[in-house]
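> Kindly generate the corresponding structure for this input.
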Amino acid sequence: MRIGFLFFAMLFASSAMADQTVSLTPVSAGIADKIGGSYYMSAKLSETKPPAIKKLPADLSDHVMYGLLKFRNPGGNEIAVVIDSPDGKPSRLFVDSNGNGDLTDDAPTDWVAGGDYKGALPGLHPANLANVGGATLKLGTAAKSFDARIGIWKYDPGKMKGRTPEQFDELRHDLKYYRDYATTGKITIDGKQHDVYLLDEMVKGTFNPADSSLVRIFIDMNDNGKVDAEEMFDIAKPMKINGNSYEAKDISPDGTSFTFGPTDKIAHSPEDVKPGQIALAFTAVNLDGKPVQFPQDYKGKIVLLDFWATWCAPCMAEVPNVVAAYQKHHTDGFEILGVTLDQPDDGDKVKATIAKHKMDWPQLFADPGKSKSIAELYSVTGIPSAFLIDGTTGKILTAGNDLRGDGLEKALAKYATTQPAAK
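Numbers count the residues shown, from 1 in each chain. Reported below is the predicted structural model:
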């Protein structure tokens, strides 16, 4: 009897550890609100029509700008966009949703004045936007495609006070877009089913991590329908869930299936980088080519590990607070190590932004792949994200939203007295 029970227990444990195939179905829209935001991608607008556009609406005005979204439709084509801004009339948005180069045979877009927008864009004020809207594209394969909505918005540089002529021109030629779609299903962990979502964060039109720089998986472990930090993972990396390590494999490009199971690979979770924990160590090379050993290089200091990007509007909104704190407390032993998550070809833009805003502290960007791996190490699922660390003990003092706005100044006032003045 005991042998039979032991055999059954071993069989159950073995089956519980086996890989499972997770099947998902597309959700065409509404994900940005449900998940609580999205990454904002940029498309550069130009007055020059790209070769990808073969046919245009006949009634365009003389004030037209063109752009290409990195999203690739089932045919592999990037998606062309046109912004028409006639004098004295509302702006119009055209999107080549079927990717055939003809902007006269696509489904209508929605495109309203920023002040008339009734929704919510995390970190943004509609009053600062010229227009907000979106379009429905096709995702999947030519044989089996499904609708995928993207949100689109554009700043109104005329409403952005204190901008230089260069900044004004940059904003005028900048179009933002984000994913509003996902695939969803059920996943079983420790014998219990949970909702799971796959998110094409870089809006590439694929869920294959090899073709997109970030595909995230949200597993609703507490079944409350809301995203908690410890429930969001980079699907290309091992995941730490309930103290165990798992990984996803064989992810279909259309996001409708993947294999999930335990792994021996080392995984980290947000639990590892909560206040009170010891900061996870890493080595890197900063933008000036100097080696960094973190947090060892910051003994005797308080250091802010700050994750940001030039394309992230909420990040840039935080920059004045961070700069002010640095200028006030640097001589007392406060340091910052920035980690920018900009794209590899954005080096000139990163350097210009750093100089323009007087962000006079080391930045990790010389190796963008390394910057991304550091963000993964610290379970960063959205930016801005920051960690205030005691460089002597390595202890994380505070993190996250507690460092936004005037939170950084309050934290420094609380913890600065624990550190000696810089020599």
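> I31 is in contact with Y178, correct?
No. If you go by Cβ atoms under 8 Å, Y178 and I31 don't touch, sitting 9.8 Å apart. To be clear about C-beta, it is placed using only N, CA and C from the backbone, and glycine gets the same treatment.
> what is in contact with the two at once?
S38 (Cβ atoms under 8 Å, 6 or more residues apart in numbering).
> For these two, indicate the residue with more neighbours.
I31 (24 against 21; other Cβ atoms under 10 Å).
> Flag the helix or strand of this structure with the lowest per-element mean pLDDT.
helix 2-16 (a mean of 42; mean pLDDT, DSSP states H and E).
> which element follows whichever helix in the chain runs longest toward the C-terminus?
Counting residues, the longest helix in the chain under DSSP state H turns out to be helix 313-329. Counting by DSSP states H and E, the next helix or strand C-terminal to helix 313-329 is strand 334-340.
> Past that following strand, which element shows up next along the chain?
Using DSSP H and E, the first helix or strand after strand 334-340 is helix 347-356.
> Low-confidence regions, the stretch 301-423 of the chain specifically.
For the stretch 301-423 of the chain, the stretches with pLDDT under 70 are 366-372, 417-423.
> What of the stretch 51-200 of the chain?
Under the criterion pLDDT under 70, the flagged ranges of the stretch 51-200 of the chain are 120, 122-123, 160-163.
> what do you get if the cut-off is 80, keeping everything else the same?
For the stretch 51-200 of the chain, applying pLDDT under 80 flags the ranges 118-127, 158-168.
> ok, which stretches of it are strands?
In the stretch 51-200 of the chain, the segments counted as strands under DSSP state E, counting those that start in this stretch are 64-72, 78-84, 92-95, 110-113, 129-140, 145-155, 174-179, 182-189, 192-200.
> Could you export the ones you listed as a markdown table, including distance to T310?
A markdown table is the format used below for those (distance: least, Cβ to Cβ, whole Å):
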| stretch | distance to T310 |
| --- | --- |
| strand 64-72 | 16 |
| strand 78-84 | 21 |
| strand 92-95 | 24 |
| strand 110-113 | 25 |
| strand 129-140 | 18 |
| strand 145-155 | 14 |
| strand 174-179 | 11 |
| strand 182-189 | 26 |
| strand 192-200 | 21 |
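> Out of those, which is closest to I389?
Nearest of the strands of the stretch 51-200 of the chain to I389, taken as Cβ to Cβ: strand 192-200 at 29.0 Å.
> Figure out how far that closest one is from the centre of its chain.
18 Å (Cα atoms, centre = their mean, to the nearest Å).
> Which elements pack onto that strand?
Contacts defined by 3 or more Cβ pairs under 8 Å, 6 or more residues apart in numbering; DSSP states H and E place strand 192-200 against strand 20-27, helix 31-35, strand 182-189, strand 215-219.
> 6 Å instead, please
When contacts are defined as 3 or more Cβ pairs under 6 Å, 6 or more residues apart in numbering; DSSP states H and E, strand 192-200 packs onto strand 182-189, strand 215-219.
> strand partners of that strand, parallel vs antiparallel please.
Paired strands of strand 192-200, with direction, are strand 182-189 (antiparallel), strand 215-219 (antiparallel) (DSSP bridges).
> buried residues in it?
Using 16 or more other Cβ atoms under 10 Å as the burial criterion, the residues of strand 192-200 that qualify are 194, 196-200.
> Next: stretch 245-256.
245-248, 251-256.
> Give me the subset of these lying in strands.
In this view, the buried residues of stretch 245-256 that belong to strands under DSSP state E are 245-248.
> out of those residues, who's nearest Y117?
Among those, A248 lies closest to Y117 (Cβ to Cβ), at 35.7 Å.
> List the beta-bridge partners for the residue nearest to I189 when sequence neighbours are not counted.
Spatially, and ignoring its direct neighbours in sequence, I189 is nearest to I241 (6.1 Å; Cβ to Cβ, 6 or more residues apart in numbering). Residues in a beta bridge with I241, per DSSP bridges, are N244.
> What is the neighbour count of I241?
Other residues within reach of I241, judged by other Cβ under 10 Å, total 18.
> do the same with the one 3 residues further on
Per other Cβ under 10 Å, the neighbour tally for N244 reads 13.
> State the distance from it to S269.
Taking Cβ to Cβ, to the nearest Å as the measure, N244 falls 10 Å from S269.
> swap in E335?
Per Cβ to Cβ, E335 is found 27 Å from S269.
> Just the mean pLDDT for stretch 283-290, thanks.
Confidence over stretch 283-290 (mean pLDDT, whole number) is 90.
> how about the strands paired with strand 192-200 in TSV, adding distance to G400 and mean neighbour count?
Below are those laid out as TSV (distance: least, Cβ to Cβ, whole Å; neighbours: other Cβ atoms under 10 Å):
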stretch	distance to G400	mean neighbour count
strand 182-189	24	19
strand 215-219	18	23
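> so can I have JSON lines of those strands showing distance to A416?
Formatted as JSON lines, those follow (distance: least, Cβ to Cβ, whole Å):
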{"stretch": "strand 182-189", "distance to A416": "42"}
{"stretch": "strand 215-219", "distance to A416": "36"}
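> just so I know, which of the ones you listed lies nearest W308?
Nearest to W308 among those is strand 215-219; the distance by Cβ to Cβ comes to 18.4 Å.
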